[in-house]
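Engineer: curious how this folds, go ahead:
(one chain, ligands or ions: 2)
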Amino acid sequence: QTIFLKDYTPFGFEIDMVHLTFRLHPERTRVISRIAFRSNPNAKDADFFLHGEELTLIWAKVDGADVTPRMEDNGLRCAVPDRSFIWEAEVEINPGANTALEGLYMSNGMYCTQCEAEGFRKITYYPDRPDVMAPFEVRIEGDEKVLLSNGNPGTTGDGFAEWHDPWPKPAYLFALVAGDLVNHPDRFETKSGRDVELNIWVRPGDEGKCAFGMEALKASMRWDEDVYGREYDLDIFNIVAVDDFNMGAMENKGLNIFNSSCVLASPETSTDGNFERIEAIIAHEYFHNWTGNRITCRDWFQLCLKEGLTVFRDAQFTSVMRSEPVKRIGDVIDLRARQFREDNGPLAHPVRPESFVEINNFYTATVYEKGAELIRMLKTLVGDAAYSKAVDLYFERHDGDAATIEDWLKVFEDATGRDLTQFKRWYEQAGTPRVNVSEEYQDGTFTLHFEQSTPPTPGQDVKDTRVIPIAVGLLSPNGDEVVPTQVLEMTGAKQSFAFDGLASRPVPSILRGFSAPVILERESDNAERAFLFAHDTDPFNKWEAGRALARDGLLAMIRDGAGPDDAYLDAIEAVARDDSLDPAFRALAMGLPSQEDLAQSLYEAGGTPDPQAIWDALETLKQAQAQKMQDLATRLYAQYQVDAPYAPNAEQSGARALANAALGLISRLDGGALAQKQYDTADNMTQQLAGLSCLLKAGNGDAAVALFYEQWKEDRLVIDKWFSLQVIMADPDKAAQTAQTLTKHPDFTMKNPNRFRATLGALAMNTAGFHHASGEGYKVLADWLIKLDPLNPQTTARMCSAFETWRRFDAARQAKIAAELDRILAQPNLSRDTTEMVTRIRGG
Ligand code: ARG
Ligand code: ZN
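Structural biologist: Numbers count the residues shown, from 1 in each chain. Ligands and ions are numbered 1, 2, ... in the order given. Got it, this is the predicted structure:
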């Protein structure tokens with residue numbers, strides 16, 4: 001059944017208070033609810049429908065009198081009085097049997113919850129929709145040492161604990177945790193003097209991996225006060241680490257629940273990348289307290305209202321904590337790999353979708369990452385000061401509301417006087433705009449001619465013109481910046497911008513900082529790209545020029561059988577050699593476009609990407625780079641070893657990234673000898689894993705793989721790395737087999753999403769292996785998705801997107817993928833989640 005944005009109607013009732021009592025039992029938990037309802041003056045529909053799924057109703061009462069509700073598939077209906085009344089019910093649920101990890105479930109003997117988006121209906125009968133907000137009082141009865149819920153602690157006694165959350169919230173922010181946990185405690189004093197107790201709760205044995213997350217939390221709390229004027233609003237803030245979790249983390253009010261991979265960190269077990277990600281996710285969930293919780297979404301179509309804004313905020317935070325250009329470049333790499341891919345395939349949907357079957361399928365790169373790009377564009381268009389003013393107005397006007405994108409845009413209109421009608425199309429229209437640019441120079445005047453267009457996407461044939469902020473700077477032929485960055489505001493389908501008074505024809509640097517999520521189409525040549533790579537003052541475009549050089553060279557290798565491009569090799573060596581540049585930036589610049597990136601470019605140009613040819617070209621170019629940069633790589637490797645004790649900061653991780661990029665080149669020539677040495681002597685996971693991956697690449701990893709397992713077999717998160725690295729590094733003709741063999745390993749389990757993704761998700765990430773002409777990759781993944789779906793529909797459905805690019809390929813591959821998609825669809829009782837995903841992929 002499809003749900004439409006246009007059908008929104010408010011619920012017929014409001015809630016004054018929710019009381020919940022949980023009598024915990026692994027197979028027979030009882031949930032007793034007492035809810036004070038009154039009718040909603042703004043609603044016409046007075047139908048009393050409560051959502052409920054997989055619940056056993058024991059009894060129900062209205063104002064103390066027994067009632068017999070009409071039971072339906074997804075809930076119940078009941079006659080209620082035409083005034084305030086009390087609904088009471090007792091239900092029984094089975095958390096031990098909950099493998100979908102939605103609602104109340106068990107993970108390693110602890111109870112935990114995941115309610116977003118619609119999991120609360122698996123806990124009790126309730127209007128499970130985000131526009132119904134209420135204060136909650138919760139009593140938990142259980143033998144576990146730690147019993148947690150949202151809000152502030154109340155009375156605690158032997159075998160029970162009570163919690164009061166004074167802030168009205170929708171049910172999706174409800175959380176409960178019970179288990180024999182230990183905490184890493186701290187405190188934080190807010191600007192106005194509130195003393196907040198902080199805890200990170202983990203299983204015994206993990207308490208040594210909490211310190212970094214705690215520092216990140218305090219830094220986030222301070223930053224949100226300083227930059228957005230947002231203070232924390234309860235006496236306690238709890239974070240809990242859970243091993244079995246479908247996503248990264250969840251912003252439940254006062255009780256954030258994290259996938260343990262997104263909070264637990266130690267130098268020995270986590271890479272620099274893990275540390276950075278953990279810091280960002282802690283910040284993200286914390287920032288939701290205002291953008292998501294205090295102001296929530298009216299309905300799930302508005303998901304980007306909280307997610308796009310919060311991703312944007314966490315990116316701002318990371319840019320301050322670390323390097324702004326490095327964060328931006330990383331984000332754009334990710335946006336192109338995941339969001340452009342989505343936007344240009346059968347799953348394309350607007351940042352604010354207009355319909356869905358299963359909302360869990362819309363926690364996408366488009367809603368999150370493109371959603372954040374829209375906030376970024378808005379800020380670019382109105383300017384920093386106006387952005388702050390508008391956001392202040394948003395908090396002031398909508399605190400306590402379940403709001404919409406219209407509300408969000410209105411505060412910007414009111415604060416700036418700007419008409420955002422055209423900007424709103426970014427929320428409504430799917431697809432990545434193409435911006436074509438050509439140039440003209442005459443008598444000191446340089447003119448840029450832009451033209452925009454967006455190809456049709458499923459269900460949206462015609463696209464309107466959008467407003468596009470295009471940041472541009474001009475360089476003189478000797479490399480000086482003659483026109484510093486300015487933002488051109490493109491509003492027409494075709495539009496030209498002139499710059500006069502120039503002494504000579506300049507070299508333009510267009511779309512600086514990636515000022516809009518578009519594909520820029522521009523004729524250029526190697527010489528100009530090398531010039532910008534060497535001279536551009538905008539770090540993003542400097543990197544982008546190098547990337548374009550690499551991409552063009554690779555496309556020529558793939559399409560025309562050309563050899564490695566000398567212009568690229570020279571330019572990359574010059575940048576890698578330049579010690580005045582940030583090592584992290586140089587490491588990024590030395591990286592090549594991904595297989596996905598190249599496949600997109602080939603397809604975009606009307607070609608049919610051959611995954612094996614793409615892989616071969618990348619290997620050839622890397623090998624040429626290794627040969628050419630032999631001496632430099634040796635110098636960089638030695639020079640950028642970190643002598644100081646390990647710290648996961650930007651400076652050290654940049655040095656390690658550059659040294660490990662050099663190691664990657666060296667290992668192509670020495671058979672892995674240096675990598676083996678690094679592996680043997682590493683005292684941190686970044687170095688150890690880099691050593692291991694170079695050894696695997698060199699074909700000499702067997703011994704290290706065995707040693708690594710022995711060393712880390714007790715550490716779940718490290719063993720996830722062990723699974724995924726073997727699959728990702730496997731040669732294309734061995735990838736499917738490697739994944740399949742690992743599924744037979746005693747440590748493989750389908751029930752843990754991290755382990756499943758580490759094995760089968762990794763197969764999808766091994767692009768050439770997954771798309772191997774034999775079709776084995778497709779078959780192995782489809783087999784396992786079919787097995788997982790009955791247990792965990794949400795994770796299964798997400799992983800189906802591995803197939804979303806199928807229309808790009810040759811007829812033989814398309815036929816093989818279509819057969820697997822049809823095989824999945826033919827499964828009896830296939831979940832709604834997976835059915836929707838596969839149907840959309842197949843049909844698009
Ligand atoms: N709101 C969470 C976050 O972005 C993600 C929760 C996703 N849950 C889901 N069932 N799709 O931080
Ligand atoms: Zn979020």
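Engineer: got the phi and psi for P166?
Structural biologist: Main-chain torsions, P166, degrees, to the nearest 10: phi -70, psi -20.
Engineer: residues touching the nearest residue to it once chain neighbours are set aside, list them.
Structural biologist: If the residues on either side of it in the chain are set aside, P166 comes closest to P135, at 5.5 Å by CB to CB, 6 or more residues apart in numbering. The C-beta positions use only the backbone N, C-alpha and C, and glycine is treated the same way. Neighbouring residues of P135 by CB atoms under 8 Å, 6 or more residues apart in numbering: M17, V18, H164, D165, P166, W167, P168, K169.
Engineer: assign whichever residue of the stretch 51-200 of the chain sits closest to ligand 2 to helix, strand or coil.
Structural biologist: Per CB to the ion, the residue of the stretch 51-200 of the chain with the smallest distance to ligand 2 is E116, at 8.9 Å. Reducing the assignment at E116 to three states with DSSP: H, G, I helix; E, B strand; the rest coil gives coil.
Engineer: next, the contact list for it, please.
Structural biologist: If a contact means CB under 8 Å, 6+ apart, then E116 has Y172, L173, M250 as its contacts.
Engineer: can you check R294 too?
Structural biologist: Listed by CB under 8 Å, 6+ apart, the contact set of R294 reads W167, D233, F395, D399, G400.
Engineer: so how far is ligand 1 from it?
Structural biologist: When distances are taken as CB to the nearest ligand atom, to the nearest Å, R294 and ligand 1 turn out to be 15 Å apart.
Engineer: what residues of the strand or helix carrying H164 count as buried?
Structural biologist: Secondary-structure assignment from DSSP states H and E places H164 in strand 160-169. When burial is assessed from 16 or more other CB atoms under 10 Å, strand 160-169 yields the following buried residues: A161, E162, W163, H164, D165, W167, P168, K169.
Engineer: how about stretch 804-820?
Structural biologist: Neighbour counts using 16+ other CB under 10 Å place E804, T805, W806, R808, F809, R813, K816, I817, A818, E820 of stretch 804-820 among the buried residues.
Engineer: for A79, helix, strand, or coil?
Structural biologist: Following three-state DSSP, A79 is assigned to coil.
Engineer: what residues are up against it?
Structural biologist: The neighbourhood of A79, defined by CB under 8 Å, 6+ apart, consists of F48, V67.
Engineer: let's see that with 10 Å instead.
Structural biologist: A79 makes contact with F48, V62, V67, T68, P69, R70, according to CB atoms under 10 Å, 6 or more residues apart in numbering.
Engineer: quick check: closest non-adjacent residue to the last one.
Structural biologist: The one in question is R70. R70's closest residue in space is R77 (CB to CB, 6+ apart), at 4.6 Å.
Engineer: for beta bridges, what are the partners of the one you found?
Structural biologist: Each beta-bridge partner of R77 is listed here: F49, R70, as defined by DSSP bridges.
Engineer: does it touch H51 like I think?
Structural biologist: No. Look at R77 against H51 with CB atoms under 10 Å: they stay out of range, at 11.0 Å.
Engineer: who has more neighbours out of those two?
Structural biologist: Set side by side, R77 and H51 show more neighbours around H51, with 20 against 13, by other CB atoms under 10 Å.
Engineer: still on that earlier bit, phi and psi next, for the residue of the stretch 51-200 of the chain closest to ligand 2.
Structural biologist: Per-residue torsions, E116: phi -70, psi 130 (degrees, to the nearest 10).
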